[in-house]
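**Q** whatever this is, show me its structure:
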Amino acid sequence: MRINHNIAALNTYQKLNQNNGLASKALEKLSSGQSINRAGDNAAGLAISEKMRGQIRGLDQAGANAKDAISLIQTAEGALGETHSLVQRMRELSVQAANDTNTTDDRGEIQKEIDQLVAEVDRIGNNTEFNTKKLLNQGNASVNAADQQNLMSSLKKWWLDEAENLVSASYGDLWGATPKVDLTVEFFNDASDQTAASVGGTATDMTLRINLAYAQPTDTQDGGTAPQYVDRVIAHEMTHAVMMATTNMSALPTWFIEGVAEFTHGGDERLESAMASLGSITGVVANFGTGVASDWDGSSDDYGSAYLAVRYMDRQIKGAGGAGVQDVLQYLATHAGSTLDDALGSVNTFAIFLDAAQFATHFSLAVNDASYGGLTNILLDAGAETDTGAAIGLDANGGAAKNAEDIMPESAGPGAPEMDQPMSHFNIIWPDLSASAAQSFSIQVGANTGQTMDIQTSDMRASALGLSGLKVDSRTAADAAISTCDTAIGQVSAERSRLGAYQNRLEHSIKNLETASENLTSSESRIRDVDMAKEMMQFTKTNILSQAAQSMLAQANQQPQNILKLLA
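**A** So this is what the prediction gives:
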């Protein structure tokens with residue numbers, strides 16, 4: 001018999017601790033109602049459960065999205081109900097005016113009511129909104145098809161490939177092994193949207209949207225009007241597209257992104273505008289602030305400040321022996337995920353400003369009315385700019401002078417062939433101009449990427465319905481007006497029918513989403529939720545074993561006392 005090591009007591013104590021631990025876990029599960037309270041309870045089950053939870057929440061939100069879409073449809077359809085009533089009244093008045101019992105004065109009075117009804121159709125079309133989104137006045141039906149065709153032809157002939165080549169000539173080949181990127185071209189017409197064009201999307205799937213409201217006339221090689229021709233806008237946006245594909249653009253400051261894009265085609269005119277607005281170069285620099293996000297509001301003055309800042313950076317890097325802003329972009333393109341701070345801090349020629357904040361300080365202190373020309377090499381010409389300040393031009397790089405027309409030369413001329421794939425690094429997806437002209441809303445009706453449904457609403461204003469200028473001032477005109485109203489009624493009916501079909505489809509989608517969410521919740525419950533009866537059994541068992549172990553530990557602790565009998 002031994003007293004220094006009470007093996008029986010140690011063994012019993014171990015079992016007691018194990019039982020207490022099991023009882024504690026059982027209590028935790030019973031009190032929370034979950035079988036998995038930490039990853040250690042069921043590592044694989046936790047991962048599967050969390051994935052299911054993501055799907056469940058996504059399905060629930062998709063259902064809410066579909067209900068919002070139904071509300072949008074009901075808003076549009078309700079407005080079209082009134083349009084229907086208005087056109088029906090116009091038809092009634094046209095039938096009345098077609099009767100030769102009416103005098104000229106009578107028809108004049110009828111015409112007054114028709115004019116007001118037409119104006120109300122326009123008001124409904126222009127003002128019907130859902131969450132500030134216009135529903136009945138943004139279809140491409142309000143845009144001349146020839147304008148769309150003209151711009152697409154210009155993109156195929158000259159603008160896209162020349163823009164891509166201009167970016168490469170300005171900043172070198174940034175692509176490396178980056179694969180081709182999908183670029184979808186879209187046209188829209190919205191005078192309230194001040195952007196002439198924009199690029200959005202992801203690094204591998206982008207959309208170039210061109211606003212035809214600001215691309216007139218469309219039948220010239222440069223497009224639009226001087227000096228900010230559409231071809232220069234395309235060069236600006238394609239700079240964004242290349243940066244989006246080759247750099248970590250989301251981590252770059254907006255002023256740098258926009259300043260580089262302005263530098264591609266030259267921004268001297270923008271700078272002159274900012275100087276006029278802000279009073280001086282010093283005012284333009286002050287508008288730049290510290291370069292943080294809160295200093296940017298997207299005004300034309302901000303673009304001028306950004307352009308000046310990039311020109312300053314380009315000039316200073318060249319003065320330190322580098323290749324200018326090209327060095328920054330090359331670093332960003334060859335170092336995945338890098339930021340502007342990384343680029344400025346990691347290349348020796350940039351030692352004059354080691355990060356973006358230090359650059360902003362240098363810029364604000366160095367550039368003023370007296371010094372900016374020497375520090376930036378910006379030479380502003382009186383009147384039209386003989387050189388716009390483009391990255392490959394005379395002022396910035398000692399090349400040939402590039403004015404507003406030369407920077408995108410359209411050198412192949414009017415006879416240039418149209419190419420469906422004019423670009424080396426982009427796969428162009430062109431719009432189908434023969435398709436029904438309508439505005440499209442993409443509704444996320446699933447829990448995962450790409451699970452969307454498109455809803456289209458057409459232009460339902462008077463001009464799109466053929467009602468503008470509707471006349472009933474003679475029997476012949478009134479007779480023609482009846483036919484015009486019949487056509488308009490058919491258009492409105494077709495649009496309401498399409499919206500109703502969308503609503504029916506969405507209602508079925510909601511039911512399907514609710515069923516999927518319910519079934520997935522049931523599956524997740526089997527993994528995550530505790531079986532209370534089973535866990536209560538386990539708790540009862542471990543509780544009894546713990547009590548038994550406590551009793552046995554007491555017995556084991558009594559055994560060494562038997563040694564005293566041997567020593568008596």
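**Q** following the helix or strand where residue 73 lies, which helix or strand comes up?
**A** Applying DSSP states H and E as the criterion places residue 73 in helix 43-97. Downstream of helix 43-97, the first helix or strand assigned by DSSP H and E is helix 104-127.
**Q** by how many degrees do that following helix and helix 43-97 diverge?
**A** 170 degrees (axes from the mean of the first three to the mean of the last three CA atoms, to 10 degrees).
**Q** in helix 104-127, what's buried?
**A** For helix 104-127, a neighbour-count test (16 or more other CB atoms under 10 Å) marks 107, 110, 111, 114, 117, 118, 120, 121, 122, 124, 125 as buried. From N, CA and C alone the C-beta is placed, and that goes for glycine too.
**Q** need the CA coordinates for it. CSV is fine.
**A** Taking C-alpha atoms only, helix 104-127 is exported to CSV below (Å, rounded to 0.1, in the frame of the first residue of the first chain):
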residue,chain,number,x,y,z
THR,A,104,-63.9,75.9,-86.1
ASP,A,105,-64.3,77.6,-82.7
ASP,A,106,-65.7,74.3,-81.3
ARG,A,107,-62.7,72.4,-82.6
GLY,A,108,-60.5,75.0,-81.1
GLU,A,109,-62.0,74.4,-77.7
ILE,A,110,-61.6,70.7,-78.1
GLN,A,111,-58.0,71.3,-79.1
LYS,A,112,-57.3,73.2,-75.8
GLU,A,113,-58.4,70.2,-73.8
ILE,A,114,-56.3,67.8,-75.9
ASP,A,115,-53.3,70.0,-75.5
GLN,A,116,-53.7,69.8,-71.7
LEU,A,117,-54.1,66.0,-71.8
VAL,A,118,-51.0,65.6,-73.9
ALA,A,119,-49.1,67.8,-71.4
GLU,A,120,-50.3,65.6,-68.6
VAL,A,121,-49.1,62.5,-70.4
ASP,A,122,-45.7,64.1,-70.6
ARG,A,123,-45.8,65.1,-66.9
ILE,A,124,-46.6,61.5,-65.9
GLY,A,125,-43.9,60.2,-68.1
ASN,A,126,-41.3,62.6,-66.8
ASN,A,127,-42.2,62.6,-63.1
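**Q** just give me how far it sits from the chain centre.
**A** Distance of helix 104-127 from the chain centroid (CA atoms, centre = their mean, to the nearest Å) equals 40 Å.
**Q** are we agreed that residue 256 is in a helix?
**A** Yes: under DSSP: H, G, I helix; E, B strand; the rest coil, residue 256 falls within a helix.
**Q** hmm, residue 312 and it touching each other?
**A** No: applying CB atoms under 8 Å as the test, residue 256 and residue 312 come out as separate, 11.9 Å apart.
**Q** for residue 144, give me the pLDDT.
**A** For residue 144, the pLDDT comes out at 64.
**Q** and residue 525, by the same measure?
**A** In this model, residue 525 is scored at 81, pLDDT.
**Q** that one: how many residues sit nearby?
**A** A total of 13 residues lie near residue 525 under the criterion other CB atoms under 10 Å.
**Q** on the three-state scheme, it is what?
**A** Residue 525 ends up helix, using three-state DSSP.
**Q** can you map out the helices along the stretch 201-350 of the chain?
**A** 230-246, 254-265, 268-278, 281-288, 300-319, 325-334, 340-346 (DSSP state H, counting those that start in this stretch).
**Q** quick one: end-to-end distance for stretch 152-159.
**A** 10 Å (CA to CA, to the nearest Å).
**Q** buried ones in that stretch?
**A** So, applying 16+ other CB under 10 Å, buried residues of stretch 152-159: 152, 154, 155, 156, 157, 158, 159.
**Q** then stretch 478-485?
**A** 478, 480, 481, 482, 484, 485.
**Q** which residues sit against it?
**A** 87-88, 90-91, 94-95, 97-98, 107, 114, 466-467, 470-472 (CB atoms under 8 Å, 6 or more residues apart in numbering).
**Q** with stretch 42-54 instead?
**A** For stretch 42-54, the surrounding residues in contact (CB under 8 Å, 6+ apart) are 35, 36, 39, 447, 520, 523, 524, 527, 528.
**Q** just the CA coordinates for it, please, in CSV.
**A** Only the C-alpha atoms of stretch 42-54 are listed here, as CSV (Å, rounded to 0.1, in the frame of the first residue of the first chain):
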residue,chain,number,x,y,z
ASN,A,42,-18.2,20.7,-34.5
ALA,A,43,-15.6,22.3,-36.8
ALA,A,44,-17.0,20.9,-40.0
GLY,A,45,-20.6,21.5,-39.0
LEU,A,46,-19.9,25.1,-38.1
ALA,A,47,-18.4,25.8,-41.6
ILE,A,48,-21.4,24.1,-43.3
SER,A,49,-23.9,25.9,-41.1
GLU,A,50,-22.4,29.3,-41.7
LYS,A,51,-22.4,28.8,-45.4
MET,A,52,-26.1,27.8,-45.2
ARG,A,53,-26.8,30.9,-43.0
GLY,A,54,-25.3,33.0,-45.8
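**Q** any idea of the mean pLDDT in it?
**A** 86.
**Q** do the same with stretch 270-286
**A** Per-residue scores along stretch 270-286 average to 96.
**Q** next one: it to chain centre, how far?
**A** Stretch 270-286 has its average C-alpha position 31 Å from the chain's average C-alpha position, going by CA atoms, centre = their mean.
**Q** give me the pLDDT value at residue 147.
**A** Note on residue 147: pLDDT of 84.
**Q** next: residue 531.
**A** 70.
**Q** then residue 374?
**A** 92.
**Q** quick one: the helices in the stretch 351-500 of the chain?
**A** Under DSSP H, counting those that start in this stretch, the stretch 351-500 of the chain gives helices at 356-366, 372-376, 394-397, 475-528.
**Q** one step back: which of the contacts of stretch 42-54 sits closest to residue 131?
**A** Using CB to CB, the shortest approach to residue 131 within the contacts of stretch 42-54 belongs to residue 447, at 22.4 Å.
**Q** for the closest one, give its distance to residue 453.
**A** Using CB to CB, to the nearest Å, residue 447 is found at 14 Å from residue 453.
**Q** equivalent analysis for residue 266, please.
**A** Distance from residue 266 to residue 453, by CB to CB: 43 Å.
**Q** equivalent analysis for residue 472, please.
**A** 42 Å.
**Q** do residue 285 as well
**A** From residue 285 to residue 453 the distance is 49 Å (CB to CB).
**Q** quick one, which of the two is more surrounded?
**A** When residue 285 and residue 453 are compared for neighbours, residue 285 comes out ahead with 23 against 17, by other CB under 10 Å.
**Q** which residues touch the closest residue to the more buried one other than its chain neighbours?
**A** Spatially, and ignoring its direct neighbours in sequence, residue 285 is nearest to residue 367 (5.1 Å; CB to CB, 6 or more residues apart in numbering). Residues near residue 367 by CB under 8 Å, 6+ apart: 281, 285, 308, 312, 375, 376.
**Q** and residue 184, by the same measure?
**A** 201, 205, 206, 207, 208, 429, 431.
**Q** tell me which helix or strand it sits in.
**A** Going by DSSP H and E, residue 184 is in strand 181-188.
**Q** in that strand, which residues are buried?
**A** 181, 183, 185, 186, 187, 188.
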